[in-house]
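# Coordinates for the following, if possible.
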Amino acid sequence: MASPRQAALGGKNITIYDYDPTSAIYNPSTINPEMDNNLSVNYVNYLGDVNYGTASYAYLIDRHTQVVHAGVTYVNYGSFNGYNEFGEPTGDFSGGEVAFSLGYAYNIPWTDFYIGANAKLISSKLEQYTSLGGALDLGVTYFYEDWDLVVSGVVRNIGTQFTPYNEIYERIPLEVDFGISQLADGVPIRWHITLENMQQWNLAFRNSARDETDLEGNVIADDPGFFNNLLRHTVLGAELFPEGGFNLRLGFSFRRSEELRILDQRSFAGLSGGFSVKFNKLRLSYTYARYHAASSSSFFGLNLDLN
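Numbers count the residues shown, from 1 in each chain. All right, here's what the predicted structure looks like:
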């Protein structure tokens, strides 16, 4: 979740095609001239002591709609108590990760298709161990302005570790997402549908806590089924007054809801909502996201038009 807007729309969205430079962190093909000289800074005090934030900026390099984008994403995991193999304290340590990205998008001549790429340098540190890696994000977007329709696909994290933590090289998690979004006709609502993690169809798994036992003692195993598995790929989002000085946002992640729900109790896991307010060239955003009956997070964001 790169921003309050992303969080409010369900936690993952690749079809935001407007002034917001944060959207290019998820999908580089959404880099566009409206982002020119816009700066976005976002922060969330995540779960526990985890802190997460992003900053992004876009610049129009010439009058032929060529835009470059730069972004940084960081996560700090807080402080940990260190112990050796004998259980003796060795002092506190911390962990964190930072990713720097540089992106560019290109409009295929005489079409409504846009292709884009992000090159990322990723650094990770945990106690005395560090790792450095690099990755590419590749995206394609179809933007039909007459219908205000956006259709996107993106492949994220095509890359490798340059230096491992401790001799063993690990795979960078590849992700494939698809999305569609449109401004409703005659109604100031933009809806979004995102299909996430399409590189792995089986996201559902058996939860033994949901097994049932019949009167004869036979165990009926929890079986998520095809439709349940399909829903776990689906993220829904909606923006009310998306182009106004004040707008409302709402989202729902089926996967988060299903994996973090509590049996026989409403926890509203997977639900998120927020708003943004524009003051001249400054837009402030806030989102509240529900993860579990025992946890939720608040997201804060600032978008500044420097033109």
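# C-alpha from now on. contacts and neighbour counts both.
Fine.
# And V235, how close does it get to G245?
In this structure, V235 and G245 are separated by 25 Å, where distance is defined by Cα to Cα, to the nearest Å.
# Ok, E88 next?
Noted for E88: a distance of 57 Å to G245, by Cα to Cα.
# least trustworthy helix or strand in the protein by mean pLDDT?
Counting by mean pLDDT, DSSP states H and E, the weakest-scoring helix or strand in the chain turns out to be strand 219-220, with a mean of 61.
# After it, which helix or strand is next?
Read in the C-terminal direction, the helix or strand following strand 219-220 is helix 225-231, with elements assigned using DSSP states H and E.
# by contact count, what packs against that next one?
Contact analysis of helix 225-231 by 3 or more Cα pairs under 8 Å, 6 or more residues apart in numbering; DSSP states H and E lists no helix or strand as a packing neighbour.
# How about that helix, which residues are buried there?
229-231 (16 or more other Cα atoms under 10 Å).
# before we move on, what about stretch 245-252?
By neighbour count, and taking 16+ other Cα under 10 Å as the criterion, the buried residues in stretch 245-252 are 246-252.
# What of stretch 74-87?
Neighbour counts using 16+ other Cα under 10 Å place 74-77 of stretch 74-87 among the buried residues.
# Stretch 45-61 too?
45-46, 51-60.
# Which strand in the chain has the most residues?
Of all the elements of type strand in the chain, the one with the most residues (DSSP state E) is strand 89-107.
# Strand partners (parallel or antiparallel) of that one?
strand 67-83 (antiparallel), strand 113-126 (antiparallel) (DSSP bridges).
# how about the helices of this structure, start to end?
Secondary structure of the chain, counting by DSSP state H: helices at 4-8, 23-26, 225-231, 254-260.
# Only C-alpha atoms, please: export the shortest one in PDB.
Included here for helix 23-26 are C-alpha records, laid out as PDB according to Å, rounded to 0.1, in the frame of the first residue of the first chain:
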ATOM      1  CA  SER A  23       0.300   5.300  -8.600                       C
ATOM      2  CA  ALA A  24       3.400   4.800 -10.700                       C
ATOM      3  CA  ILE A  25       5.100   2.900  -7.900                       C
ATOM      4  CA  TYR A  26       2.600   0.100  -8.500                       C
END
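# So what sits opposite the residue lying closest to L271 once chain neighbours are set aside in the bridge?
Excluding its sequence neighbours, the residue lying closest to L271 (Cα to Cα, 6 or more residues apart in numbering) is F252, at 4.7 Å. In this entry, F252 is beta-bridged to L236, L271, by DSSP bridges.
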